[in-house]
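Enquirer: Next come a sequence and a model predicted from it.
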Amino acid sequence: MSTFNAPKGTYDLLPPDSATFLAVREAIARPLRNSGYGYIETPGFENVELFARGVGESTDIVTKEMYAFETKGGDRLALRPEGTASVLRAALEANLHKAGNLPVKLWYSGSYYRYERPQKGRYRHFSQVGAEAIGAEDPALDAELIILADQAYRSLGLRDFRILLNSLGDKECRPVYRAALQDFLRGLDLDEETLRRAEINPLRVLDDKRPDVQKQLTDAPILRDYLCDACKTYHEEVRELIGAAGVVFEDDARLVRGLDYYTRTTFEFVHDGLGAQSAVGGGGRYDGLSEMIGGPALPSVGWALGVDRTVLALRAEGVELPLPTVTSVYAVPLGEEARRVLFAKVTELRKLGIATDFAYGGKGLKGAMKNANRSGARYAIVAGERDLAEGVVQLKDMESGDQAPVGLNEIVAELETRLG
Ligand code: ATP
Ligand code: MG
């Protein structure tokens, strides 16, 4: 204990669990790297206005959840609550879209911040891996992203997740639906705030999780019935492509990501072992976003997967990831001379890529062997004065307990052979 604790709604990633987080990030990134997505890193904070416009003035993220602050220099900034707006801002700023090879495909991984009511799976600091494909309207691109996310989850060994899919229409058909939905919502018994939301962003009301609201929405008009022919064809093609790839999905006519510039393809990955915070990831097409933040028209599609919830999903399914051994060899010196000699061997082994650790702090044999055990090392090498005088070290197999002397000049090669 110190005087301080981690701030409310945050937690520390500590070994050994932190290895699972790294493995999850890596598993999500691998299919992206393999599919032409380049890595992008943007600052942890941005001009607050970018998020106000790029996430949406009427969203909970902007109205309630943003860590906004003014700097000593008078700049209005916010800790990033999500990745898409920043990635698009950076791509536009660097003119990546003018380099002539659209779509620009980017992936990212990092920390995000939302001032939320903390609960299991919902934190104030969390971690996402995301992908954005900027500047192309092609159902195969939407399909690619869904397929890659599915591949990432499957490669982790997850089984109990579902993909929910919908189309939100475009600027032709969405407004007609929006008006019809608004008419319907005006006739309901809703609280002040929800009625206000119905005026600004009626689609978001469909996303209201409260049972009393959901009950009234049973007969709400459904977007699918309003899709124009172009949107219908586009959506049908996305469905066919992901189906042909063997990816199982469910049509969910009520799935919305209620920002005005979200268009057409919308999807969410949900896991059934997580309780209330069941969404492990989500994404969709955002053809209007670039223009919203002052860029040219750039139809784009992307997703973000939550690392924290994915780790919870793994736990819920009892999946143990095959994590690489942390330490293969543990060196235990007994005395000054042995310390120098073994430390040099440790450095040699590490140069060969063999994960090796060392008993620091001049521990006695018993304490050092306890540490060797705890490290999970397959082999320990132990040497005292008498061993060195004979030109050997003791090589102990930690699994069988067998121990035998090996020549000081042979030990590195011997370990290399044994560890294959
Ligand atoms: P929710 O409906 O659960 O609030 P969201 O729609 O706000 O999710 P997105 O903005 O789509 O979530 O973010 C993508 C993913 O990031 C989510 O599916 C989730 O896994 C993760 N995520 C979002 N907010 C949090 C949070 N506060 N804590 C942990 N993970 C989060
Ligand atoms: Mg949220």
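Expert: Perfect, I can see it now. Ligands and ions are numbered 1, 2, ... in the order given.

Enquirer: For the residue of the stretch 101-250 of the chain at minimum distance from ligand 1, which non-adjacent residue is closest in space?
Expert: Ranked by Cβ to the nearest ligand atom, the top residue of the stretch 101-250 of the chain for proximity to ligand 1 is residue 126, at 3.4 Å. C-beta: built from backbone N, CA, C; applies to glycine. Of all residues not flanking residue 126 in the chain, residue 308 sits nearest, at 4.9 Å (Cβ to Cβ, 6 or more residues apart in numbering).

Enquirer: ok, now residue 387?
Expert: residue 393 (5.7 Å).

Enquirer: contacting residues around that neighbour?
Expert: Neighbouring residues of residue 393 by Cβ atoms under 8 Å, 6 or more residues apart in numbering: 342, 345, 381, 382, 383, 387, 405, 406, 408, 411.

Enquirer: Would you mind checking the residues you listed for buried ones?
Expert: 342, 345, 381, 382, 383, 387, 406, 408, 411 (16 or more other Cβ atoms under 10 Å).

Enquirer: Looking at those, spot the one nearest residue 295.
Expert: Residue 295 lies nearest to residue 345 out of the buried ones among the contacts of residue 393, by Cβ to Cβ, at 57.4 Å.

Enquirer: Kindly confirm my reading that the closest one is in a helix.
Expert: Yes - counting by DSSP: H, G, I helix; E, B strand; the rest coil, residue 345 falls inside a helix.

Enquirer: Isn't it up against residue 331?
Expert: Yes - Residue 345 is within contact range of residue 331, at 6.5 Å (criterion: Cβ atoms under 8 Å).

Enquirer: overlap in contacts of the two?
Expert: Shared contacts of residue 345 and residue 331 (Cβ under 8 Å, 6+ apart): residue 381.

Enquirer: shaky segments in the chain?
Expert: 258-260 (pLDDT under 70).

Enquirer: interface residues of the chain facing ligand 1?
Expert: 82, 114, 116, 121-123, 126, 128, 277, 279-282, 304, 306, 308-309 (Cβ under 6 Å from any ligand atom).

Enquirer: do that again at 5 Å, thanks
Expert: When proximity is defined by Cβ under 5 Å from any ligand atom, the chain lies next to ligand 1 at 114, 116, 122-123, 126, 279-282, 304, 306, 308-309.

Enquirer: What about the closest residue to residue 307 other than its chain neighbours, how many residues nearby?
Expert: Leaving aside its chain neighbours, residue 307 sits nearest to residue 127 (3.9 Å; criterion: Cβ to Cβ, 6+ apart). Neighbourhood size, residue 127 [other Cβ atoms under 10 Å]: 20.

Enquirer: Partner strands of the host helix or strand of residue 127 and their direction?
Expert: Assigned by DSSP states H and E, residue 127 belongs to strand 125-134. Counting by DSSP bridges, the strands paired with strand 125-134 are strand 104-113 (antiparallel), strand 300-306 (antiparallel).

Enquirer: residues in contact with the residue in the chain that ligand 1 sits nearest to?
Expert: Going by Cβ to the nearest ligand atom, ligand 1 is nearest to residue 306 of the chain, at 2.0 Å. When contacts are counted by Cβ under 8 Å, 6+ apart, residue 306 touches 126, 127, 128, 279, 280, 281.

Enquirer: burial count for residue 125?
Expert: Residue 125: 17 surrounding residues under other Cβ under 10 Å.

Enquirer: Thought residue 113 was touching it, still the case?
Expert: Yes - taking Cβ under 8 Å as the definition, residue 125 is a contact partner of residue 113 at 5.7 Å.

Enquirer: and stretch 300-316, how far apart are its ends?
Expert: Separation of the first and last residues of stretch 300-316 by Cα to Cα, to the nearest Å is 33 Å.

Enquirer: For that stretch, buried residues please.
Expert: So stretch 300-316, judged by 16+ other Cβ under 10 Å, has buried residues 300-314, 316.

Enquirer: which among these gets closest to residue 162?
Expert: Nearest to residue 162 among these, with distances taken as Cβ to Cβ, is residue 313, at 11.6 Å.

Enquirer: check contacts around residue 81.
Expert: So, once contact is read as Cβ under 8 Å, 6+ apart, residue 81 ends up touching 51, 55, 61, 62, 65, 66, 67, 112, 113, 114.

Enquirer: how far out from the middle of the chain is the helix or strand containing the fourth one?
Expert: Read that as residue 62. Residue 62 belongs to helix 60-63 when elements are defined using DSSP H and E. Distance of helix 60-63 from its chain centroid, counting by Cα atoms, centre = their mean, to the nearest Å, is 21 Å.

Enquirer: Pull that helix out as PDB, backbone CA atoms only.
Expert: C-alpha atoms of helix 60-63 as PDB (Å, rounded to 0.1, in the frame of the first residue of the first chain):
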ATOM      1  CA  ASP A  60     -23.400  10.500 -24.400                       C
ATOM      2  CA  ILE A  61     -19.700  10.300 -25.200                       C
ATOM      3  CA  VAL A  62     -19.600  14.000 -25.900                       C
ATOM      4  CA  THR A  63     -22.300  15.300 -23.500                       C
END
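
Enquirer: Surely residue 404 forms part of a helix?
Expert: No - under three-state DSSP, residue 404 sits outside any helix and is assigned strand.

Enquirer: okay, now the domains of the chain?
Expert: For the chain, automatic domain parsing gives the domain ranges 17-173+227-316, 329-419.

Enquirer: Figure out which of these is closest to residue 207.
Expert: domain 17-173+227-316 (5.3 Å).

Enquirer: can you give me the end-to-end distance of that closest one?
Expert: 15 Å.

Enquirer: and what of stretch 159-170?
Expert: One end of stretch 159-170 to the other measures 33 Å (Cα to Cα).

Enquirer: any chance you could map the strands in the stretch 151-300 of the chain?
Expert: Along the stretch 151-300 of the chain, the segments classed as strands by DSSP state E, counting those that start in this stretch run 161-167, 250-251, 263-271, 279-285, 300-306.
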